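> I'd like to go over a predicted model; first the sequence, then the structure.
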Amino acid sequence: MAFFVFLSLHCSSSKSLSDTEKAKLDPPLFHLFAGEQVDKSLVNETLRPDGIKEYAVIVRSEDPEEIQALGIAVSSVFGDVIVVHATIEELRKIASLPTVRALQAGSKKTIQRTQ
């Protein structure tokens, strides 16, 4: 019985994205939302102090205040480019905003210096 309660709670908390929201995701984020393995070089994943995974994501929107109103910290803004570090659930909320046009996974890049 406890298993079924857990299963029903888990399913209700993991709302699936609408087709409009899915269309806003780049391929790495699309696969991440689907629960699939994503090449670690394609996403910038870190752990919050509480152990929850968060992802660096570039959001295309003219309204960073709308994202901040959700309680999500905005790292930087340049025109319509907004950088956030957010959990999957926070990214679901961002994707649901009508002013958001696209979400792109931030990737880890290193600069190779030559001498």
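Perfect, I can see it now.
> Output stretch 64-73 as CSV - backbone C-alpha positions only.
What follows is stretch 64-73, C-alpha atoms only, in CSV (Å, rounded to 0.1, in the frame of the first residue of the first chain):
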residue,chain,number,x,y,z
PRO,A,64,13.7,38.7,-16.1
GLU,A,65,11.5,40.1,-13.4
GLU,A,66,8.9,37.4,-14.2
ILE,A,67,11.5,34.7,-13.5
GLN,A,68,12.5,36.4,-10.3
ALA,A,69,8.9,36.6,-9.2
LEU,A,70,8.9,32.8,-9.2
GLY,A,71,11.6,32.9,-6.5
ILE,A,72,14.3,31.9,-9.0
ALA,A,73,17.6,33.8,-8.8
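> Kindly provide the whole-number mean pLDDT of that stretch.
Confidence over stretch 64-73 (mean pLDDT, whole number) is 96.
> Then stretch 43-51?
The model assigns stretch 43-51 a mean pLDDT of 94.
> ok, residues contacting that stretch?
With contact meaning Cβ atoms under 8 Å, 6 or more residues apart in numbering, stretch 43-51 is reached by 28-29, 32, 53-56, 85, 87, 105-108. Where you see a C-beta, it was placed from the backbone N, CA and C, and this is true even at glycine.
> How far away from the center of its chain is it?
The chain centroid and the centroid of stretch 43-51 are separated by 12 Å under Cα atoms, centre = their mean, to the nearest Å.
> Go through that stretch and flag the buried ones.
Judged by neighbour count using 16 or more other Cβ atoms under 10 Å, the buried positions of stretch 43-51 are 43-45.
> Show me which of the contacts of stretch 43-51 are buried.
Applying 16+ other Cβ under 10 Å to the contacts of stretch 43-51 flags 28-29, 32, 54-56, 85, 105-106 as buried.
> picking up where we left off before, and the contacts of stretch 43-51, which of them are in helices?
If you go by DSSP state H, those have 28-29, 32 in helices.
> and the spatially most central residue of the chain, what does it touch?
Geometric centre of the chain, nearest residue: Leu91, 3.7 Å, by Cα atoms, centre = their mean. Applying Cβ under 8 Å, 6+ apart to Leu91 gives the contacts 29, 33, 55, 57, 103.
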